[in-house]
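>>> With the sequence up front, the predicted model follows.
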Amino acid sequence: MRIVQIDHFGGPDVLTLAEAPAPRPLDGEVLVAVVASAINPVDHKTREGTIGDGTPPLPMTLGWELAGIVIDSRTSALPAGERVFGMSHQLGTGRGTWSDLVAMPAGSLAIAPSTISLVEAATLPLPGLTALQTLDWLDVRGGDRLLVTGAAGAVGGLAVQLARARGARVDALVSRPAHVEVAKELGADWATADRTMLPAASYDAVFDTFGAFVTDAVTDEGRYASIATQAGPVPDLSHRAVRTTVNQVREDGAGLTELAKIVNAGRVKVRVDCEYSLRDVQEAHEHFRRGQLTGKVALVF
Ligand SMILES: NC(=O)c1ccc[n+]([C@@H]2O[C@H](COP(=O)([O-])OP(=O)(O)OC[C@H]3O[C@@H](n4cnc5c(N)ncnc54)[C@H](OP(=O)(O)O)[C@@H]3O)[C@@H](O)[C@H]2O)c1
């Protein structure tokens with residue numbers, strides 16, 4: 001089977017298609033024939049070698065997301081033939097998804113949404129679980145006022161839509177004026193590219209996807225979560241009784257089932273910028289690196 005591997009760090013040209021023996025699922029695992037995956041910022045940083053401590057040893061197979069078909073099952077939870085999607089914590093486990101066949105715990109997968117294609121489903125697990133788990137930490141509920149920074153991005157865009165589905169009122173901080181409309185189309189009530197326009201002490205919760213640290217915007221006794229690990233910790237706001245965290249995404253089949261339900265209910269718009277064949281993975285990374293994306297870059301196997 002084919003895998004996308006790196007044996008040294010660098011630009012997209014370090015990505016190579018190699019051959020490897022098929023993995024064998026253990027008890028509780030399933031073997032997935034991968035139909036599609038997608039590129040995330042973490043893949044780009046891992047390939048470049050900028051993650052630092054915690055990077056799996058070289059050579060490594062990259063990729064965090066997959067959608068495909070179960071072809072062998074060691075659990076009754078997901079039988080062979082099931083259409084699934086899942087997230088593999090590639091940095092934590094070294095188990096990359098850019099591989100024709102992936103063996104992984106059934107508990108890290110879920111039945112894929114039935115209303116979208118497997119290519120679209122493959123773009124959801126990492127940003128979707130990050131959005132869902134961080135909204136849960138922030139305890140966002142109906143009637144809450146939430147600010148999402150980087151709201152036109154993959155995680156931010158899903159956070160806006162999922163928070164709206166919970167009945168929250170959502171405002172957005174985006175990188176440039178052209179993204180104001182994008183955030184509004186996703187459901188933001190108000191959006192700005194100018195952080196000086198943010199009202200002070202107004203949000204019950206702030207979901208910060210790029211390390212904006214707009215801490216003046218959160219109310220006293222509010223909640224502030226960043227996912228921008230490399231930007232460092234959120235400033236200490238304990239003097240205002242604001243809870244803070246830098247959230248780290250976890251493998252979470254139950255979260256994916258919840259996500260699939262929301263997608264099937266038509267509450268989430270899936271945004272795919274473009275599709276590349278796996279053999280064109282270097283070009284796909286070049287495209288991702290250029291930015292200006294309107295959705296995810298999908299890899300089709
Ligand atoms: N902690 C975790 O577990 C976890 C999980 C998933 C992702 N992440 C990290 O979270 C970040 C976002 O991920 P993603 O997949 O959503 O990336 P993405 O799709 O590239 O989105 C990032 C968004 O933030 C915007 N942005 C960047 N700098 C900005 C600035 N100075 N002002 C305003 N907006 C700005 C970008 O705008 P432009 O397109 O104009 O640059 C883009 O819309 C990445 O760094 C990723 O590595 C962490």
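The structure has been received and is ready for your questions.

>>> When you work out contacts or count neighbours from here on, use the C-alpha atoms and nothing else.
Fine.

>>> And the contacts of the longest helix seen in the chain?
Identified as the longest helix of the chain according to DSSP state H is helix 125-138. Applying C-alpha atoms under 8 Å, 6 or more residues apart in numbering, the contact partners of helix 125-138 are 40, 64-66, 85-87, 154-156, 158-159, 162-163, 205-207, 223-225, 247-252, 255-256, 259.

>>> Restricting to C-alpha, output stretch 171-182 in PDB.
Extracted in PDB, the C-alpha atoms of stretch 171-182 (Å, rounded to 0.1, in the frame of the first residue of the first chain):
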ATOM      1  CA  ASP A 171     -19.200  37.700  16.900                       C
ATOM      2  CA  ALA A 172     -16.100  37.300  14.800                       C
ATOM      3  CA  LEU A 173     -12.600  38.700  14.500                       C
ATOM      4  CA  VAL A 174     -11.100  37.900  11.100                       C
ATOM      5  CA  SER A 175      -7.800  38.700   9.400                       C
ATOM      6  CA  ARG A 176      -8.900  41.000   6.600                       C
ATOM      7  CA  PRO A 177     -12.000  42.800   5.400                       C
ATOM      8  CA  ALA A 178     -12.700  40.200   2.700                       C
ATOM      9  CA  HIS A 179     -13.300  37.700   5.500                       C
ATOM     10  CA  VAL A 180     -16.000  39.700   7.200                       C
ATOM     11  CA  GLU A 181     -18.700  38.500   4.800                       C
ATOM     12  CA  VAL A 182     -17.400  34.900   5.000                       C
END
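
>>> Next, find the distance separating the residue in the chain sticking out farthest from the centre from the ligand.
Of all residues in the chain, residue 239 has its C-alpha farthest from the mean position, at 32.0 Å, by C-alpha atoms, centre = their mean. Applying C-alpha to the nearest ligand atom, to the nearest Å, the value for residue 239 to the ligand is 25 Å.

>>> Sort out for me which of the contacts of helix 125-138 are in helices.
Among those, the members falling in helices (DSSP H) are 154, 155, 156, 158, 159, 162, 163, 255, 256, 259.

>>> List the buried residues in stretch 88-95.
88, 89, 90, 91, 94, 95 (16 or more other C-alpha atoms under 10 Å).

>>> domain parsing for this structure?
Using automatic domain parsing, the domains assigned to the chain come out as 2-124+270-300, 127-246.

>>> Please, where are all the helices along the stretch 101-250 of the chain?
118-121, 125-138, 154-165, 178-185 (DSSP state H, counting those that start in this stretch).

>>> Contacts for stretch 196-216, please.
134-135, 138, 140, 144-151, 155-156, 192, 195, 217-228, 231-232, 234-235.

>>> from these, which are also near the ligand?
150, 155, 156, 227, 228 (C-alpha under 6 Å from any ligand atom).

>>> ok so, going back, reformat the buried residues of stretch 88-95 into TSV and put secondary structure, pLDDT and distance to the ligand next to each item.
Output for the buried residues of stretch 88-95, formatted as TSV (DSSP: H, G, I helix; E, B strand; the rest coil; pLDDT from 0 to 100; distance: C-alpha to the nearest ligand atom, whole Å):
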residue	secondary structure	pLDDT	distance to the ligand
88	coil	98	12
89	coil	98	10
90	helix	98	12
91	helix	97	11
94	coil	96	16
95	coil	97	16
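
>>> Number of residues surrounding residue 82?
Residues near residue 82, counting by other C-alpha atoms under 10 Å, number 17.

>>> ok, it to residue 296 distance?
24 Å (C-alpha to C-alpha, to the nearest Å).

>>> swap in residue 89?
Counting by C-alpha to C-alpha, the gap from residue 89 to residue 296 is 18 Å.

>>> now do residue 195
Distance from residue 195 to residue 296, counting by C-alpha to C-alpha: 25 Å.

>>> So for the two, which sits in the more crowded spot?
residue 296 (24 against 15).

>>> Now that one: closest residue in space, sequence neighbours ignored.
residue 272 (4.7 Å; C-alpha to C-alpha, 6 or more residues apart in numbering).

>>> Make sure the one you found is actually in contact with residue 118.
No: using C-alpha atoms under 8 Å, residue 272 makes no contact with residue 118, being 11.8 Å away.
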